[in-house]
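Asker: everything below, folded, please.
(2 chains)
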Amino acid sequence: MRTLAWRGVRNNLGRYVATLVAIITGVGFFTATTFVSDRVISSLEGDVDQQYGNVDAAVVLADSTADLSGDPGKDLKLSARQADRITSVPGVDGSAGLLTAPVAFPPRRGHPSAKAATGRLWIDDAELNPLELTSGRAPKGAGEVAVDRGLAESVDLKVGSRVKVATLAGAFDATVVGVTKFGSADALDQDGTVSVPAAAAFDWLNSGQREYQALYLRGSVDQAQLEREIKPLTPEGYTAQTGEQFLTDQRESTGAIGRYLKQALQAFALLALFVGAFVIYNTFSVIVAQRLRELAVLAAIGATPKQIKRSLRLEGLIIGLLGSALGVVAGLVLTFVLIAVLKAVGVELPGSGIKVGLAPVVQGILLGTVITFLSVNIPARRAAKTEPIEALRISAVDATSFSRRRKITAAVLVVLGAGGLVAGGSWAAIGFGALLLFVGVIVAGPFIALGGARLARPLMKPFGLEGRLAVDNVARNPGRTATTANALLIGVFLVTLVTAAGTSVKDFAVGELKKLQSADFIITSEGGSIDPQLQADFKRIDGVKAITPFRRETVTIDGKVARLSSGDIPAIQKVADLEFARGSAADLQPGTIAVTEADGGPRLGARVRVTDSTGKSQTLRVSALLAPTIDAQQIGALTAEPTFAGLVGRTAPTVAFLDVDSGAQTKTKDAIEARADQRPDITAEEGNVTGQLVSSIFDFVINAVNGLLGMSVIVALIGIINTLSLSILERRRELGLLRVVGMLDGRVQRMVRLESLVIAGLGTFAGIALGLFSAWALIFSIDRIAEADIGFSLPIGQTLLVLVLGLGLGLLAALIPARRSTRLDVLEAIQAT
Amino acid sequence: MVSQAVSTAAARAVDARKTYGEGDAVVHALAGVTVSFPVGRFTAIMGPSGSGKSTLMQCVAGLDRLTSGSAFIGDTDISTLSKTDLALLRRDRLGFIFQQYNLIPSLNARENALLPLTLAGREPEQAWFDEIIATVGLGERLKNLPSQLSGGQQQRVAVARALVPRPDIVFADEPTGALDSRSGAEILTFMRRAVDDSGQTIVMVTHDPHAASYADNVLFLADGQIVDEMPEPTTDRVLDRMKRFEV
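Answerer: Predicted structure coming up:
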């Protein structure tokens, strides 16, 4: 049996090419994604090892895995006294306290918007400091800071730069004395790290209290012993860890992004493999059908059904192993290509090189082999049923009939599935409904193929005999047609579903955001002013209705960085969405202020201390609250003219809201931006940036997901090529006969192309229909269960694109089989067995 | 050996009936055939197209099932056997030669000839194998794939495949139907020698009077029933008998 299986593989290698390609594609994609994400994970974890490798013991918050980014919401801290007692334990050679708090660089010339970052106590113990200096020196005295490499670039800072740093305790002048990096990354904190020396850190970051969020220790004794000794000194809410435990936790939390990435990418790879399973199944079915005679001979001379089954399974196993092994190699190549391509478009993945771990290789081979083996099982079982009497008949064309029972099963599944999707009472029921519907459509495949062929018949009429024969061929073996089309259907279905559901949610979200009215444009001047000439210039632009300038300054209110504005309130309200939640414009008497309403923010009647950048401060009473609209963020807090002047002096307006006509936005926008570009200090921003941002994020996600789904469509393409090639092989005689009686080669090839087109059309149309319906039902159910009112948006453009692509794939798939159909000599073709 | 075996039947059919279709369209391929094939004899089954000769052989050989009646290989009632048991019976006790040779294209001549033994997991008796290969004259072709052999050579491999496991009976279905007359005569000679030299039992379906003349006995079938029998046949006598069917 083993010889037979081997020989079977060797002799039919040509027929197995598509199966191999399908396995290689799927496994290769899987392995590549694993390699890439493993590299990201290991480099992230490697950074942790490199930076915290010297930590022998740590005292961290008990209820979390010591979040490195430092969450200001966690109030619990270690006092300096507690820390000192721990660090004076014998055996402790060095220590480092963790203290972080948000800071920001207020807007300045060339950088109109504030840049938030994380302020971090600089650790003097070089072995415990996670950061490395790339240039300059460590910050020492008050007023010295080090910034990370990323911030240095984005905020345009270098050693020697003087900069204002807004902190919880107010704004401070600082000098950049060093630039840092964290392992292979720029910063330890996502938004950037500003290192502050101990001399200033407690004042800037912790309102003067000498406290730490965590403590790292370096010791000369055994880690476990150190941990035992500091344990009794660890205050409540904190826990002592050995360096090893600490490292494990850090690795866990730092590598998490990489792991999510891995899971997401692998999901798509598995999908490609799943689609590949259809191709594999189909190939084996066809191969079994074509070798029916051979199998029947085996049965006749005494091979038991079990032996036949085992032989085919063994063939599957060999093909699976071979394909998977090649797939792993392809995956390795793909990884290098992927990294190179990403690098070319400017995305540098962290880490270097690829570590070929045993695990991804074994996983890849196992997955590919198991999927192939499973896909082979049904055809193998069918082959085992072969009657020996078939050896004596000459038919080799696989003709399966479909039972009534199958029809009923499919109908029940589709109805239950659609019902569950539309009327399910829980998310689980809806998900199950979607699954049932999908399975139902797959089961109904042959009937859809028959129905589709019937529908295609009149469309094929203009193509004459070729058209007719093409449809006949599609309908001749509806089972095989359905499996081929199903591979494409899955891809098209998912692409349509993601696009339609995604677009609907996007339109909804953007629509909701658009309801939040805002000024159309915000003009900001850095270092200059919005002078009357400029106002007039903007006003002259076709489509601009009004421009309202106002004064604005960055201050701190009760120690928090904020914007303070003043201007013609009724005029502002005309162009911008400025509303009073409590009180009104009339309440803004001298000595009072209106702040934006916020949880935990100042209440009506409260007194707040407002300090300007020069340190001058004044206490004001809150007499009104602004509703938290988009434009209120631009304004921040509002005072009457005299109060503003008393605080920051009589300045010229530096900001303006611009109102434009609702039509012809693009041209007006271009003109506004062109005018702004003429002056270096002027920036023009669209008001509702959030809406556009959300919209572009959705577009990116939808496109990225669809791009990844493209993998499965490629596998489906291979499937069509394969089925057509095999069916041409088994119809050699028939095609030969057509040519003998006078059908020209061109027309034979056209017939093959039309057949491919019909199959691709079936998969594409069914996939789009199923995708659109599922998307609609999903949105409908989301609205129903979550009581939302997301409308269903039909993405007409994208749907048409999918349709055109699907049919195009069909024509593309026919290229090779069509050529092959007429390659054989006519005489040989009719004599073929 | 031959003389003592004549009395026992290697295979039998008792009131064998096989029908296709239903109602008005019913076709009786076998309409109650009772026959026995004696051990160590070469029996030919003849008859016009549609007479049921192939069906009879297939049902007795366990390739197809009877609608009613029973068929025996030795003392085994094969109509009661499961699919797997039938396969095992064919493997261990029967040999087959088909018109279309039906070799496995991926195996070479030697492997094809040994296939039934391989399937059974049995070791070939080397001397016996060599003798058969020498008889059918395949010595130099053993490593060739079927596609590299002529039709006559392929059929010789098929004959070797049928004889190597020393089956109780060899069933041959038009073994010379696809061959030129010289190759056909060679094949028939090998079959005859197997009966004469080793006491092999052979049942052959054919429509060729010359092929039938190699047999010890000829059974004539018409419309699903045995209508005549001819011991010690010659080509001319069989031809004459066959001509009577046509009127």
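
Asker: alpha carbons only for contacts and neighbour counts from here, please
Answerer: Noted.

Asker: for stretch A:184-198, which positions count as buried?
Answerer: Going by neighbour count (16 or more other CA atoms under 10 Å in any protein chain shown), the buried part of stretch A:184-198 is A:185, A:186, A:187, A:188, A:189, A:192, A:193, A:194, A:195, A:196, A:197, A:198.

Asker: looking at these, which are in strands?
Answerer: A:193, A:194, A:195, A:196 (DSSP state E).

Asker: chain center to the lengthiest helix in chain B: distance?
Answerer: The longest helix of chain B (DSSP state H) is helix B:181-198. Between the centre of helix B:181-198 and the centre of its chain there are 13 Å (CA atoms, centre = their mean, to the nearest Å).

Asker: give the next helix or strand downstream of it.
Answerer: Using DSSP states H and E, the next helix or strand after helix B:181-198 towards the C-terminus is strand B:201-205.

Asker: pLDDT below threshold where in chain B?
Answerer: Residue ranges of chain B with pLDDT under 70: B:1-7, B:246-247.

Asker: ranges for the strands of it?
Answerer: In chain B, the strands defined using DSSP E lie at B:9-20, B:27-38, B:42-46, B:68-73, B:76-77, B:94-97, B:169-173, B:201-205, B:217-222, B:225-231.

Asker: of those, which is nearest chain A?
Answerer: Closest approach to chain A among the strands of chain B is made by strand B:94-97 (6.6 Å; CA to the nearest CA).

Asker: and chain A, which residues reach chain B?
Answerer: A:1, A:4, A:7-8, A:10-11, A:293-294, A:297, A:299-305, A:307, A:387-389, A:391-392 (CA under 8 Å from any CA of the partner chain).

Asker: make it 6 Å
Answerer: Applying CA under 6 Å from any CA of the partner chain, we find that chain A lies next to chain B at A:7, A:11, A:301, A:302, A:304, A:388, A:389.

Asker: nearest residue to the first one in space, please, no chain neighbours.
Answerer: Closest residue in space to residue A:7, ignoring its immediate chain neighbours: residue B:106 at 5.3 Å, by CA to CA, 6 or more residues apart in numbering or on different chains.

Asker: which one of the buried residues of stretch A:184-198 sits closest to residue A:520?
Answerer: Taking CA to CA as the measure, residue A:520 lies nearest residue A:192 of those, at 31.0 Å.

Asker: distance of that closest one relative to residue B:155?
Answerer: Remark: distance between residue A:192 and residue B:155 (CA to CA, to the nearest Å) = 83 Å.

Asker: ok, residue A:344 - how many residues close by?
Answerer: Residue A:344: 10 surrounding residues under other CA atoms under 10 Å in any protein chain shown.

Asker: now swap in residue A:771 and tell me
Answerer: For residue A:771, using other CA under 10 Å, the count is 27.

Asker: now do the contacts for residue A:140.
Answerer: Counting by CA atoms under 6 Å, 6 or more residues apart in numbering or on different chains, residue A:140 touches residue A:197.

Asker: one more time with 8 Å, if that's ok
Answerer: A:197, A:198, A:199 (CA atoms under 8 Å, 6 or more residues apart in numbering or on different chains).

Asker: out of the residues you listed, which one has the lowest pLDDT?
Answerer: Confidence by pLDDT is poorest for residue A:199 among these, given 84.

Asker: spit out the contact partners of that residue.
Answerer: A:140, A:141, A:142.

Asker: which of those sits closest to residue B:53?
Answerer: residue A:140 (107.9 Å).

Asker: for chain B, give me its nearest residue in the stretch 1-150 of chain A.
Answerer: For the stretch 1-150 of chain A, CA to the nearest CA, closest residue to chain B: residue A:7, 5.3 Å.

Asker: ok, so what distance separates the residue most central in space within chain B from residue B:191?
Answerer: Residue closest to the average C-alpha location in chain B (CA atoms, centre = their mean): residue B:171, at 1.7 Å. Counting by CA to CA, the separation of residue B:171 from residue B:191 is 11 Å.

Asker: any figure for the gap between residue A:368 and chain B?
Answerer: 26 Å (CA to the nearest CA, to the nearest Å).

Asker: can you tell me which helix or strand the closest residue to that residue other than its chain neighbours belongs to?
Answerer: Spatial nearest neighbour of residue A:368, chain neighbours left out: residue A:324 (5.1 Å); criterion: CA to CA, 6+ apart. Of the helices and strands defined by DSSP H and E, residue A:324 is found in helix A:305-344.

Asker: for that helix, packing partners?
Answerer: helix A:2-11, helix A:13-52, helix A:292-300, helix A:358-384, helix B:83-93 (3 or more CA pairs under 8 Å, 6 or more residues apart in numbering or on different chains; DSSP states H and E).

Asker: with distance to residue A:672 and mean neighbour count as extra columns, can I get those in TSV?
Answerer: Below are the helices and strands packed on helix A:305-344 laid out as TSV (distance: least, CA to CA, whole Å; neighbours: other CA atoms under 10 Å in any protein chain shown):
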stretch	distance to residue A:672	mean neighbour count
helix A:2-11	69	17
helix A:13-52	43	25
helix A:292-300	75	25
helix A:358-384	54	21
helix B:83-93	85	20
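
Asker: right, so of the ones you listed, which gets closest to residue A:767?
Answerer: The nearest among those, by CA to CA, is helix A:13-52 at 20.3 Å.

Asker: packing partners for the closest one?
Answerer: helix A:243-254, helix A:256-290, helix A:305-344, helix A:358-384, helix A:689-730.

Asker: could you redo the last one with a cut-off of 10 Å?
Answerer: helix A:2-11, helix A:243-254, helix A:256-290, helix A:305-344, helix A:358-384, helix A:689-730 (3 or more CA pairs under 10 Å, 6 or more residues apart in numbering or on different chains; DSSP states H and E).

Asker: what sits against the one residue in chain B that gets nearest to chain A?
Answerer: At 3.7 Å from chain A, residue B:91 is the closest residue in chain B, using CA to the nearest CA. By CA atoms under 10 Å, 6 or more residues apart in numbering or on different chains, the contact set of residue B:91 is A:298-304, B:85, B:115-117, B:119-120, B:165, B:167.

Asker: of these, grab the buried ones for PyMOL.
Answerer: Selection of buried members from the contacts of residue B:91 for PyMOL, criterion 16+ other CA under 10 Å:
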select buried, (chain A and resi 298+299+300+301+302+303+304) or (chain B and resi 115+116+117+119+165+167)
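
Asker: mutual contacts of residue B:171 and residue B:191, please.
Answerer: B:201, B:202, B:204.

Asker: just list whatever residues bridge to the last one.
Answerer: Note on residue B:204: beta-bridge partners by DSSP bridges are residue B:44, residue B:172.
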